[in-house]
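S.K.: 3D model of this:
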Amino acid sequence: KPIYGLKQSGRLFCNELHSLLLENGFMRMPTDSCLFKLEADRRSLDAGYKGPPCKEIIMVGTYVDDLTFSTTSDLAADFFYKLLRSRFTINERDTGDIHYMLGVRIRQDLAKGTITMDQTAAIEALAKKFGLHNSPSSRLNATPMTLERLERQTQTTDTTGFHYLSAVGSLLHIAQLTRPDIAYAVGVCSRHSSAFGPSHVRAVQRVIKYLYHTRHHGIIYRHHSHSSDPSGHVRDVVLYEAGRRPDSHTPPPRPTQEEQYEPSRIYADADFAGDSSKRSTSGNIIFLSGGPITWSSRLQKLYALSTAEAEIYSLTEALKDAAFLKLHLHALGVREDKPIPVYEDNSACRIMSANELKTYSRARHYVTRLGFAQDMVGSKTVDLLECPTSEMIADALTKPLTYDEFRKYRDVMVQDVHTGLPS
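M.R.: Now for the predicted structure:
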């Protein structure tokens, strides 16, 4: 029996929990060893049930000695609680509907068909910790980052005693869980953790102020009957900017009706040589059921020599996620085994990736990455689709934008969780 607090205790308990699930018919997901699924007839879960055959599903996600699960009915939930109590002692205060997980508030509205995730409490605590909760809302903190570039320093010159590393660490946690709109700004600030000055401190403070004034924003997932194309809002804004109404009789070039009801879609973009080191920045974001499920804003490790090369580097990272997502969703039974739509706004990148049997002399120094992209497209793992630059949501993850441009993309990624509408 493992002793609480020892190094191997968590692992031994986890093995015991997994054994219990596997012994009782749960299937371990091939794409995630800590995710389990049980499909069974209701009569096998409740001997007293005399109704018609009805399939019940239980999904369980485990993390050491913590777990969260979802079921198709209260009967299935009662069965799972009974199963756990047969082997373990359960803290009854932690049972019932989920409200918080890893510092994220989760709320479900069955009537509206929505699930929301936000970190309002964490953002308020962060702003109070650094004394920025009384800062007025203004145009200066309407976006998380200015258009000016932060210069690199060889040593720290800040004399205010600002806890830079603590602030950046807290911002990274928030950016990775519920706020993709600050991913780029926080990524840039984290590059200067070893040597920062007054301008870098002001940049971090601006991100915190922006978060505080948008603290009620979070991610909203919608049932397929309420979900829509994530870029639909962006196209409406583009039409307004062009002096046309969104309900114009001129039909948009995409998406097709088949694509409109696709629950998952990926956007990939890159900013060529935008960093002071002349390296490019990759930005990828994946949407599922109307909300983002994963995103990244990273400085590329290699020096791209053209915009097409920078886009290929970004695209290949998105294709890795697409390959996993396709298998994962199919294993969960929530999506058919068909290509994942990936949107790219660079024509050279799309043309080279779509021609599997053609080689390009100008791409000879990144032929392996290009070959991977061509194979993913040729094998129908993904559908590489055109996306106008004005509608590329991942653009907000690659460079600082003006307020109007940033808000256009932000209102697709995060929304006010109280109203369910863009701010």
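
S.K.: Counting neighbours, what do you get for residue 234?
M.R.: Per other CB atoms under 10 Å, the neighbour tally for residue 234 reads 21. Quick note: C-beta positions are derived from backbone N, CA and C, even for glycine.

S.K.: Residue 409 is in contact with that one, correct?
M.R.: Yes - if you go by CB atoms under 8 Å, residue 234 and residue 409 touch, sitting 6.7 Å apart.

S.K.: is it fair to say residue 317 lies in a helix?
M.R.: Yes - checked against DSSP: H, G, I helix; E, B strand; the rest coil, residue 317 lies within a helix.

S.K.: Can you name the residues that contact it?
M.R.: 268, 282, 284, 296, 298 (CB atoms under 8 Å, 6 or more residues apart in numbering).

S.K.: What segments of the stretch 1-150 of the chain are strands?
M.R.: Using DSSP state E, counting those that start in this stretch, the strands assigned to the stretch 1-150 of the chain run over residues 27-29, 32-41, 55-63, 66-71, 100-101, 104-109, 114-118.

S.K.: out of those strands, nearest to residue 195?
M.R.: Closest approach to residue 195 among the strands of the stretch 1-150 of the chain (CB to CB): strand 104-109, 32.3 Å.

S.K.: contacting residues around the closest one?
M.R.: 97-100, 114-121, 177-178, 218, 417.

S.K.: what about 6 Å?
M.R.: The contact list for strand 104-109, computed with CB atoms under 6 Å, 6 or more residues apart in numbering, reads 98, 115-119, 177-178.

S.K.: Show me what counts as buried in it.
M.R.: For strand 104-109, burial by neighbour count (16 or more other CB atoms under 10 Å) applies to 104-107.

S.K.: Note down every partner strand of that strand and its orientation.
M.R.: strand 100-101 (antiparallel), strand 114-118 (antiparallel) (DSSP bridges).

S.K.: angle of that strand against strand 66-71?
M.R.: 10 degrees (axes from the mean of the first three to the mean of the last three CA atoms, to 10 degrees).

S.K.: which stretches of the stretch 301-423 of the chain form strands?
M.R.: Under DSSP E, counting those that start in this stretch, the stretch 301-423 of the chain gives strands at 340-344, 382-386, 415-416.

S.K.: from these, which stretch is densest packed?
M.R.: With neighbours taken as mean count of other CB atoms under 10 Å, those reach their highest mean count in strand 340-344, at a mean of 25.

S.K.: show me the contacts for residue 10.
M.R.: Counted by CB under 6 Å, 6+ apart, residue 10 has contacts residue 64.
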